[in-house]
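Student: what follows is a predicted structure for the sequence shown.
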Amino acid sequence: MYLHNTASGRKEFFEPENPTRVTMYVCGPTVYSYAHIGNARPAVVFDVLARVLRRVYPKLVYTRNITDIDDKINKAAAAEGVAIGVIADRYAAAYHADLEALGVLPPDFEPRVTQHIPHIIAMIETLVANGHAYAAEGHVLFNVPSYADYGQLSKRDPRELLAGARVEVAPYKKDAGDFVLWKPSTPEQPGWDSPWGRGRPGWHIECSAMAAALLGDTIDIHGGGHDLVFPHHENERAQSTCAHGGKTFARYWLHNGHVTMQHTKMSKSVGNILLLRNLLQQAPGEAVRLALLTAHYRQPLDWDDDTLPEARRKLDRLYGALRDVGPVDRVAGEAPQPFFDALADDLNTPAALAVMFELARELNKAETADDKARLTAQLRDAGALLGLLQQDPAAWFGANHEDAEIDTLIAARNAAKNAKNYAEADRIRDTLKQQGIVIEDSAQGTRWRRA
RNA sequence: GGCCAGGUGGCAGAGUGGUUAUGCAGCGGAUUGCAAAUCCGUGUACGUCGGUUCAAUUCCGGCCCUGGCCUCCA
C-alpha cells in the first residue's frame, strides 16, 4: 500500500523493514482529563490502519502509549490532593471505555511513561555520553546544533528557530533551541532519582525510550496528530537518531488532521471542546466512528450539529441492506478489490465507504440467495476492516428486544389493515410514530425501528 | 514574518488532462390502501486571473480567501 510520509511530503510505497515484525508506534493521550473527539481521531484512524496492515502482515506490533507523568497531571492531582496515579488511572480508564465504544481494538502494547523511567534515564545517559546532551542546573538538555538533520521532518530551518524563538530562553541553555530531556522536581512534585538528582522526564524523551524498548531502534511507522510534527516528533527523531548511532528512527511518519469546529481547532480557551463521553450519549459509538472516517485522515474534519445525525443515517442505509439476509459466514467472501484499492491508497476511507454503499445498493437489488450471501459477506468484510457493521442489524435499529406493547399495536394495526379499516391502521401507526417507532411493511411482514 | 495544508454541485466529501464518485437533502417515476424501506431517473460542481495543451476542475504561475504549526496540544 501507499502511505503519505510527512518526512518526504509525498505518498510512498510502504515496505516494512521486516515483514515478519512490522512496527507501529502512535502517540497516545496524556491522561489528565476526559478524551475529546479530537483525541479519538488518531485512535480510530490508526486502528483502521492496523486492521488493514494485519491483513498483509499478521505480525504487526502496534504500540500506543499513555503519558501518565506530565505537569498537567501534576496540577490536577495537586488540585484534588491525590497522587498522580489516581488521576492517570481514572482518565486512562475513561479513555479505554470511550475507545471501546468506538470499536477501537486495544493495541499490542500500551506502555506508560512511569513504567519506563529506567529506559528514559539510560537513553539520556547515552545522549550525554556521546555529546548530544548536557546537564545544567539539575536539567539535562538536548543540544540541537549537535544534530545536523534537525528540522528536516517539520521542514524548518533550525537557525531561524533559534533566532526567532518566542519563548524566553532559559539561562542554562547552551542554544536557544535546546529542549529538556530531564528536569528537576521540587519535593512536592513527583520525581525519580537519577544521576542528575531527583527529577522527572521531559515530554519528548518518553516516546523515544518506549519505542526503543518495545519495538527497537528503528520502527516502520510513527503516527500521531498533525500538531505533533513540531516540536514533539522532530525532537523524538533527534533524540532517537543520536542515541542509536545515526540509525533511522521512523521510516514512515503519518499525521492525521484535526477535528475542527467552525473550521477552527478545538481549544479550551475558546470552549469548543467536544468530549467523547458526551457525544456517545447522543449517538452510538459506531456513528461517531463512521463520522471520523467520513473524511480522509489527513484532511481537517469539521464537526457540527449535523455530523452525527448524518453518520447515523449512513449506518441506517448500510444496516438496512443487511437486514433480512440472515447471518452469513464472513469468510465466505472478501471485500471487493476496489475497496482494498481505496484503503491501499493512503487509507482513503471516503472512497472505501463509497464502495460499501455501492455494495449496499447491489444487495438491496439482489434476488438470489447466492448473490445475497456473497454481497452480505463482502459488505461485512469491508465493514470489519473499517471497524463497522459488525453487529446484528436488528440491534442497530433498536429492534432486537422483544417489546410486547409495540408488538400488540402492530398486530392490531395489521388486523385493521386486513379489515380494510385504514383509518384505524393509520391512527395506530401515528401513535407509534409519536413514540419514535417507524413502521415498515415488507414482504417478510411488518417490522419496526427506532427513528 | 517563516513553513505547511486546503478552497469541488443545497450540505458533507472523494477523484480525474477529454467519459457516473459516494452519502444526505430536493425533484420526477416505480412499488405501496397511504406510508416507510427499496429501486430507476434527475443537477450549466470544481475560488479568481492568466499560461501550457487539440482539450484543464485536474498541470504551471500570479492573486484572493480559509485553516494549521512556529508555545502546551490529537
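Tutor: That came in fine, so what should we check first?
Student: mean confidence for the helix or strand hosting residue A:4?
Tutor: In this assignment (DSSP states H and E), residue A:4 forms part of strand A:2-5. Averaged across strand A:2-5, the pLDDT comes to 95.
Student: buried residues in that strand?
Tutor: Using 16 or more other C-beta atoms under 10 Å as the test for burial, strand A:2-5 gives A:3-5. (Each C-beta comes from the backbone N, C-alpha and C, glycine too.)
Student: how about stretch A:265-281?
Tutor: A:266, A:274-276, A:279-280.
Student: next one: phi and psi at residue A:295?
Tutor: Note on residue A:295: backbone dihedrals following degrees, to the nearest 10 are phi -100, psi 150.
Student: excluding its backbone neighbours, what's nearest it?
Tutor: residue A:301 (4.5 Å; C-beta to C-beta, 6 or more residues apart in numbering).
Student: what number of residues lie near residue A:58?
Tutor: Residue A:58 has 10 neighbours, counted by other C-beta atoms under 10 Å.
Student: pretty sure it is in a helix, no?
Tutor: No. Counting by DSSP: H, G, I helix; E, B strand; the rest coil, residue A:58 is not part of a helix but coil.
Student: how about the residues of the stretch 351-451 of chain A by RNA strand B?
Tutor: Residues of the stretch 351-451 of chain A found near RNA strand B, taking C-beta under 7 Å from any atom of the strand as the criterion, are A:351, A:353-354, A:357-358, A:360-361, A:364-365, A:417, A:422, A:425-426, A:429, A:438-442.
Student: please indicate which of those are buried?
Tutor: Using 16+ other C-beta under 10 Å, the buried members of these are A:353, A:360, A:417, A:425, A:429, A:439.
Student: now the fourth one. Nearest residue, chain neighbours left out?
Tutor: Read that as residue A:425. Closest to residue A:425 by C-beta to C-beta, 6+ apart is residue A:416, at 4.1 Å.
Student: doesn't residue A:424 make contact with the one you found?
Tutor: Yes. Proximity of residue A:416 to residue A:424 meets the contact threshold set by C-beta atoms under 8 Å, at 4.1 Å.
Student: give me the more crowded residue out of those two.
Tutor: residue A:416 (18 against 15).
Student: ok, now which ones touch that one?
Tutor: A:422, A:424-425, A:428 (C-beta atoms under 8 Å, 6 or more residues apart in numbering).
Student: do residue A:257 as well
Tutor: A:41, A:226, A:295, A:297-301.
Student: let's see 7 Å
Tutor: A:226, A:297-301 (C-beta atoms under 7 Å, 6 or more residues apart in numbering).
Student: cool, and residue A:86?
Tutor: Counted by C-beta under 7 Å, 6+ apart, residue A:86 has contacts residue A:77.
Student: try residue A:292
Tutor: A:40-41, A:44, A:301.
Student: do that again at 8 Å, thanks
Tutor: A:37, A:40-41, A:44-45, A:102, A:259, A:301.
Student: residue A:379 too?
Tutor: A:318, A:321-322, A:335, A:356, A:359-360, A:363, A:389.
Student: any chance of a markdown table for those residues, columns secondary structure, pLDDT and distance to residue A:403?
Tutor: Shown next, in a markdown table, are the contacts of residue A:379 (DSSP: H, G, I helix; E, B strand; the rest coil; pLDDT from 0 to 100; distance: C-beta to C-beta, whole Å):
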| residue | secondary structure | pLDDT | distance to residue A:403 |
| --- | --- | --- | --- |
| A:318 | helix | 96 | 24 |
| A:321 | helix | 95 | 24 |
| A:322 | helix | 94 | 21 |
| A:335 | coil | 93 | 35 |
| A:356 | helix | 97 | 30 |
| A:359 | helix | 96 | 31 |
| A:360 | helix | 96 | 27 |
| A:363 | helix | 95 | 27 |
| A:389 | coil | 96 | 24 |
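Student: possible to save those residues as JSON lines with distance to residue A:142?
Tutor: Listed next are those as JSON lines, based on distance: C-beta to C-beta, whole Å:
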{"residue": "A:318", "distance to residue A:142": "49"}
{"residue": "A:321", "distance to residue A:142": "55"}
{"residue": "A:322", "distance to residue A:142": "53"}
{"residue": "A:335", "distance to residue A:142": "45"}
{"residue": "A:356", "distance to residue A:142": "46"}
{"residue": "A:359", "distance to residue A:142": "51"}
{"residue": "A:360", "distance to residue A:142": "53"}
{"residue": "A:363", "distance to residue A:142": "56"}
{"residue": "A:389", "distance to residue A:142": "47"}
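Student: quick one: the nearest residue to residue A:290 once chain neighbours are set aside from residue A:321, how far?
Tutor: The shortest distance from residue A:290 to any non-neighbouring residue, by C-beta to C-beta, 6+ apart, is to residue A:311 (4.4 Å). Plainly put, residue A:311 is 16 Å away from residue A:321 if you go by C-beta to C-beta, to the nearest Å.
Student: check residue A:449 too.
Tutor: 14 Å.
Student: compare these two and say which is more crowded by neighbours.
Tutor: A count of neighbours by other C-beta under 10 Å puts residue A:321 above the other of residue A:449 and residue A:321, at 25 against 19.
Student: hmm, back to that, so which of the buried residues of strand A:2-5 is the closest to residue A:395?
Tutor: Nearest to residue A:395 among the buried residues of strand A:2-5, counting by C-beta to C-beta, is residue A:3 at 34.7 Å.
Student: picking up where we left off before, mind putting the contacts of residue A:292 in TSV, pLDDT included?
Tutor: Converted to TSV, those look like this (pLDDT from 0 to 100):
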residue	pLDDT
A:37	96
A:40	96
A:41	96
A:44	97
A:45	97
A:102	97
A:259	95
A:301	94
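Student: contacts with RNA strand B among those residues, please.
Tutor: Within these, those near RNA strand B by C-beta under 7 Å from any atom of the strand are A:41, A:259, A:301.
Student: filter the residues you listed down to the ones in strands?
Tutor: Using DSSP state E, the members of those that fall in strands are A:259, A:301.
Student: quick one: contacts for whatever residue of chain A ends up closest to RNA strand B?
Tutor: As assessed by C-beta to the nearest atom of the strand, RNA strand B sits closest to residue A:225 within chain A, at 1.7 Å. Neighbouring residues of residue A:225 by C-beta under 8 Å, 6+ apart: A:27, A:38, A:41-42, A:255-256, A:258.
Student: what's next to stretch A:128-138, contact-wise?
Tutor: Contacts of stretch A:128-138 (C-beta under 8 Å, 6+ apart): A:124, A:127, A:140-143, A:146-147, A:172-174, A:181, A:183-184, A:196-197, A:199, A:238-239, A:242-243.
Student: if any of those residues are buried, put those into a ChimeraX selection.
Tutor: Buried residues among the contacts of stretch A:128-138 (16+ other C-beta under 10 Å), as a ChimeraX selection:
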select /A:124,127,140,141,142,143,146,147,173,181,183,184,196,199,238,239,242,243
